[in-house]
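J.: model the following, please.
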Amino acid sequence: MTRRRAPKAGLQLDVVDRGTPRTPRLFLARVVQAALAHGGRPDLPVSLLLTGDREIARLHGEFLGDPTPTDVISFDVDGGAELVVSVDTARRVAGQKGHATRAEVALYVVHGLLHVMGWDDLRAKARAEMRAAEAAVMRTLGLAYAPVDAAGAAGTRRRAAVGRVKAKRGAGSARRG
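T.: Prediction:
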């Protein structure tokens, strides 16, 4: 496990990386900055936990009542964003789609941050807007990826509907990718 803080002034980013492979801190900082800039919230504090399917399944069950692995869970807690990303899922989906694992990790980070900044993907129109925002950020980063289709299918699996619950930690809300 590595715990790192991004050095950029203005960017408040805390990273705990338990994933395999590890994701470079500077890359994560670029992804977070691009997503926050797109959402007009460049000073939003962000905490990232990159982990595996086992841990994200545990958190998914605890906070959203579904003890299965998912790609990303985002928490809006005390005016900041807390994201949990499954690097296992990113590696598996990237392999299926034929692009780099780090691009899939970036997509999950962007998706989670967009949720915290107000984007949603429950209704068709909102989902299309979110997919456009994801694509814009990924283009800014110059990352090739296979986008999630407009109906919400990622790779060969369907994304579950986004759930909202009160997080057990503080007054935030939790969402899954």
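J.: buried ones in the helix or strand containing residue 37?
T.: Residue 37 is part of helix 25-38, with elements assigned from DSSP states H and E. Residues 25, 28, 29, 30, 31, 32, 33, 34, 35, 36, 38 are the ones in helix 25-38 that count as buried (16 or more other CB atoms under 10 Å). Quick note: C-beta positions are derived from backbone N, CA and C, even for glycine.
J.: need the contact list for the closest residue to the last one other than its chain neighbours.
T.: Distance criterion CB to CB, 6 or more residues apart in numbering; nearest residue to residue 38, sequence neighbours excluded, is residue 137 at 5.0 Å. Shown here is residue 137, whose contacts under the criterion CB atoms under 8 Å, 6 or more residues apart in numbering are 31, 34, 35, 38, 110.
J.: just give the number of residues close to the closest residue to residue 18 other than its chain neighbours.
T.: Spatial nearest neighbour of residue 18, chain neighbours left out: residue 51 (4.6 Å); criterion: CB to CB, 6+ apart. A count of neighbours around residue 51, defined by other CB atoms under 10 Å, yields 22.
J.: which residues of the protein fall in strands?
T.: 2-5, 13-17, 46-51, 72-77, 80-86, 153-154, 157-158, 165-166, 173-176 (DSSP state E).
J.: thinking again about what came up before, which pLDDT value does the model give the residue nearest to residue 38?
T.: Residue 137 carries a pLDDT value of 98.
J.: how far away is it from residue 78?
T.: Residue 137 sits 24 Å away from residue 78, going by CB to CB, to the nearest Å.
J.: give the contact list for residue 90.
T.: Counted by CB under 8 Å, 6+ apart, residue 90 has contacts 19, 71, 101, 104, 105, 108.
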